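Asker: Any chance you could fold what I've pasted below:
(one chain, ligands or ions: 1)
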Amino acid sequence: MNDNKATTVPIELLRKYDRPGPRYTSYPTAPVWASEVGTDFYRTALTNASKQKDTPLAIYCHIPFCECRCYYCGCNTVITRNSEKVGLYIDAFKKEIDSAAELLHERKTVNQLHFGGGTPTYLSNEEFSDILDKLDEKFTYTTDCEKSIEIDPRVTTEEQLKFLFSRGFNRVSLGVQDFDADVQVAIGRVQPFDLVKEKLETCRKLDFQGINIDLIYGLPKQSIKSFTDTLSKAVSLRPDRVALYSFAFLPSVKANQMKIKEEELPVTEEKYELFAKAVEMFTEAGYLQIGMDHFALPNDELSVAQNDGRLHRNFMGYTVQTSPDMVGFGMSSIGYINNTFIQNDSTLSQYMDHVNETGFSVHKGMRLSDDDLIRQYVITSLMCNFRLEFSEFYKKFGIQYMEYFKSEHDNLSEFFVDNFLEAPNGNIRITDLGRTFIRNIAMTFDAYLGKNREGKKPTFSRTI
Ligand code: SF4
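Answerer: Reported below is the predicted structural model:
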């Protein structure tokens, strides 16, 4: 049993380990994927995956539309109120579903479905039905299928929530970011606490499970006082889960962030304090830290799965469902099929043109080598379950961990000294304190750090 105690994270350790690094929603990370892995690779991967017809799939659907752009946004979005454009996107989307389903042939069972964006709830119920009907025509769902969707409390109505529940959605995630009025103005996203509370209570009344709220630290105008108030309000809502993201200010890459005044951002030391405060308040309120930046109530299935060593992670976040293959649909979506990462084109026009021409819209990808798969296993075990059992590793790969990773293991020594790691029975276990530094620990096993396929250094956000 994992006894997660209230954790205080020393600021000097945050200072010491704050550096650019991947979030490890995938390994190898997207900057090392290559454009030569295109449509033909994807077709082959889908055909190969079709042979495991009894293994469930995960599906990710990307709905890129939003009515207006939040200043902090780092997502792939399309700002429009043009319903004709949306209709054309849905047509291409359904065509992409047809193309993939044809190659997946008899592999139809799905145990995880996620709608992300953009703002998925931008769609009307009719537009949603159009997509869901197509998915229902091509796939079937397990009885415990996790069907989740990202909700914008400003946009979603009670009627839409009822509709989504009636169509089988059972998990929701509400975008909040911060409850402070000044911060909300500074990030171009105004949504009063009462509005969020009302939408969350509606979700609860409808019996959605695993209700999540997203928060961000490091936003303009955030102070320790204002963020403490935001955290108290978040705790008062008692969501099942909280995702706490670090704001990555990259105005040279995301032009919309130029609306953020740099002088209003908390300085680095303040940002550490915001993060440390969040860890302290959520753990004191009884939440378990899941990964570095997620929290869940002890009876939530994510906490239970983490304690049992059954937690998984993919582009949709943490999950208890195991799906070796994930099909991505829509502009910029990412899939993982037959040990191959596939990412779609990230502009609306390219996506629609390519799907209409060929049925697919692959922009880049990567076929994993044996070494990639071994490192992926280690990084995923550490990120999800905070431990690595050497006997399990041997059972899976027929390799002795200490032989394969001798130099990497030596490089972990500093983490042992700083009390981030323990070695029960010779295995690796991440301590409560070490959870905050999980990205740094995982970086030890990344064979690609500091380089990508084109030889350029990738731009990662900072680890804290
Ligand atoms: S709602 Fe989300 S995806 Fe849309 S602009 Fe705001 S942050 Fe970006």
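
Asker: mind listing what's buried in the helix ranked longest in the chain?
Answerer: The longest helix of the chain (DSSP state H) is helix 83-104. Under the neighbour-count criterion of 16 or more other CB atoms under 10 Å, helix 83-104 has 86, 89-90, 92-97, 99-101, 103-104 buried. Any C-beta I mention is one placed from the backbone N, CA and C, and that applies to glycine too.

Asker: With stretch 44-58 instead?
Answerer: Across stretch 44-58, burial judged by 16+ other CB under 10 Å covers Ala45, Leu46, Ala49, Ser50, Pro56, Leu57, Ala58.

Asker: how far out from the middle of the chain is that stretch?
Answerer: 23 Å (CA atoms, centre = their mean, to the nearest Å).

Asker: Tabulate the buried residues of helix 83-104 (CSV), appending pLDDT and distance to Val183.
Answerer: Output for the buried residues of helix 83-104, formatted as CSV (pLDDT from 0 to 100; distance: CB to CB, whole Å):
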residue, pLDDT, distance to Val183
Val86, 95, 31
Tyr89, 97, 32
Ile90, 98, 35
Ala92, 98, 37
Phe93, 98, 35
Lys94, 98, 39
Lys95, 98, 41
Glu96, 98, 38
Ile97, 98, 39
Ser99, 98, 43
Ala100, 98, 41
Ala101, 98, 44
Leu103, 98, 46
Leu104, 98, 44
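
Asker: just the residues you listed now: which is nearest the ligand?
Answerer: Val86 (14.3 Å; CB to the nearest ligand atom).

Asker: can you pull the contacts of that closest one?
Answerer: Phe65, Thr80, Tyr122, Leu123, Glu127 (CB atoms under 8 Å, 6 or more residues apart in numbering).

Asker: The third one touches Ile63, doesn't it?
Answerer: Spelled out, it's Tyr122. Yes. Using CB atoms under 8 Å, Tyr122 is in contact with Ile63, at 6.5 Å.

Asker: ok, those two, which is more surrounded?
Answerer: In this view Tyr122 and Ile63 are compared by other CB atoms under 10 Å, and Ile63 has more residues nearby, 29 against 22.

Asker: quick one: the more buried one from the ligand, how far?
Answerer: 10 Å (CB to the nearest ligand atom, to the nearest Å).

Asker: I'd like to know how far that residue sits from Leu215.
Answerer: Applying CB to CB, to the nearest Å, the value for Ile63 to Leu215 is 22 Å.

Asker: likewise Tyr71?
Answerer: Per CB to CB, Tyr71 is found 16 Å from Leu215.

Asker: more neighbours, these two?
Answerer: More neighbours surround Leu215 than the other of Tyr71 and Leu215, with 24 against 19 (other CB under 10 Å).

Asker: now, which of the buried residues of stretch 44-58 lie close to the ligand?
Answerer: Near the ligand, taking CB under 6 Å from any ligand atom as the test, no member of those is found.

Asker: Show me which pair in these is furthest apart.
Answerer: Ala45 and Pro56 (16.9 Å; CB to CB).

Asker: Arg241 against Glu301, yeah?
Answerer: No. Contact criterion CB under 8 Å: Arg241 and Glu301 do not qualify, at 9.7 Å.

Asker: Out of the two, name the residue with the larger neighbour count.
Answerer: Arg241 (23 against 20).

Asker: Checking Phe341 next. Helix, strand or coil?
Answerer: Using DSSP: H, G, I helix; E, B strand; the rest coil, the structure places Phe341 in strand.

Asker: Please renumber the chain so that the first residue is 863 from this point on.
Answerer: Yep, numbering from 863; the last one is Phe1203 now.

Asker: now the helix or strand hosting Glu874: mean pLDDT?
Answerer: According to DSSP states H and E, Glu874 maps onto helix 873-879. Averaging pLDDT along helix 873-879 gives 88.

Asker: One more: stretch 907-916?
Answerer: On average, stretch 907-916 scores 96.

Asker: outside of that stretch, which residues touch it?
Answerer: 962, 965-971, 1186-1187, 1189, 1199-1202, 1204, 1229.

Asker: Glu1060: how many residues sit nearby?
Answerer: A total of 13 residues lie near Glu1060 under the criterion other CB under 10 Å.

Asker: The stretch 1063-1212 of the chain: strands as residue ranges?
Answerer: 1071-1079, 1103-1108, 1150-1152, 1156-1158, 1174-1176, 1179-1181, 1187-1191, 1196-1199, 1202-1206 (DSSP state E, counting those that start in this stretch).

Asker: one step back: drop the exposed ones from the contacts of stretch 907-916 and show what's left.
Answerer: Here, 16+ other CB under 10 Å leaves 962, 965-966, 969, 971, 1187, 1189, 1199-1202, 1204, 1229 buried among the contacts of stretch 907-916.

Asker: So of those residues, which two are at opposite extremes in space?
Answerer: Within the buried ones among the contacts of stretch 907-916, two members stand farthest from each other by CB to CB: Thr971 and Arg1229, at 24.5 Å.

Asker: Who are the contact partners of the spatially most central residue of the chain?
Answerer: Closest to where the C-alpha atoms of the chain average out (CA atoms, centre = their mean) is Gly1179, at 3.5 Å. By CB under 8 Å, 6+ apart, the contact set of Gly1179 is Ala1105, His1156.

Asker: With Gln974 instead?
Answerer: Pro918, Ala920, Ile921, Cys1007, Glu1008, Lys1009, Ser1010, Met1178, Thr1181, Gln1183, Ser1185, Met1188.

Asker: Most proximal residue of the stretch 1013-1162 of the chain with respect to the ligand?
Answerer: Taking CB to the nearest ligand atom, the stretch 1013-1162 of the chain has Asp1014 as its residue nearest the ligand, at 5.4 Å.
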